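S.K.: Return atomic coordinates for the entry below.
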Amino acid sequence: LESEGLRDSAINRASGEAQAVIVKADSRATAVRVISDAMGHPNSMRAISYTIAEQYISAFEKLAKECNTVILPKSVGDINSSIAEVDSHFLHSRQWLFLRL
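M.R.: From the prediction side, this is the model:
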């Protein structure tokens, strides 16, 4: 009887984990579709630049909290040029994506 309880518990845990993976994947797919649709909007590049800037700053905050080694980009004093560089990479990858489609 105890072994059946342990087995059922393991099955329920695995089922819950599987459902969590599916929900997370569905959420990510929805986010990708929303972003894809928004890229056709006239202000999409401004929104993308803003999002990149947020992620850029967040990444440095995370690095500062988690380790004692600091990694700095070559243009640490000029965040605008760093964002422009990321934007440039994004535009090239976006063009490549459209060519692939």
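S.K.: Could you name the helices and strands sitting against the strand or helix carrying residue 59?
M.R.: Using DSSP states H and E, residue 59 sits within helix 44-66. The criterion is 3 or more Cβ pairs under 8 Å, 6 or more residues apart in numbering; DSSP states H and E, and the helices and strands that helix 44-66 contacts are helix 79-100. (Glycine included, C-beta is placed from N, CA and C.)
S.K.: Tell me the helices and strands packed up against the lengthiest helix in the chain.
M.R.: As assigned by DSSP state H, the longest helix anywhere in the chain is helix 2-38. Packing partners of helix 2-38 (3+ Cβ pairs under 8 Å, 6+ apart): none among the helices and strands.
S.K.: which of the residues in that helix are buried?
M.R.: Neighbour counts over helix 2-38 (16 or more other Cβ atoms under 10 Å) mark no residue as buried.
S.K.: same question, stretch 42-50
M.R.: Neighbour count says stretch 42-50 has 48-49 buried, by 16+ other Cβ under 10 Å.
S.K.: Just the CA atoms of it, as CSV, please.
M.R.: Extracted in CSV, the C-alpha atoms of stretch 42-50 (Å, rounded to 0.1, in the frame of the first residue of the first chain):
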residue,chain,number,x,y,z
PRO,A,42,5.7,51.8,-37.1
ASN,A,43,7.2,52.2,-33.6
SER,A,44,8.5,48.7,-33.4
MET,A,45,12.2,49.6,-33.6
ARG,A,46,11.8,52.1,-30.8
ALA,A,47,10.1,49.5,-28.6
ILE,A,48,12.8,46.9,-29.5
SER,A,49,15.6,49.4,-28.7
TYR,A,50,13.9,50.1,-25.3
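S.K.: show me where pLDDT drops low in the protein?
M.R.: Applying pLDDT under 70 to the chain flags residues 67-79, 82-83, 85-101.
S.K.: do that again at 80, thanks
M.R.: Low-confidence segments of the chain (pLDDT under 80): 1, 32, 35-53, 56-57, 60-101.
S.K.: Measure how the helix holding residue 59 sits relative to helix 2-38, angle-wise.
M.R.: If you take axes from the mean of the first three to the mean of the last three Cα atoms, to 10 degrees, helix 44-66 sits at 140 degrees to helix 2-38.
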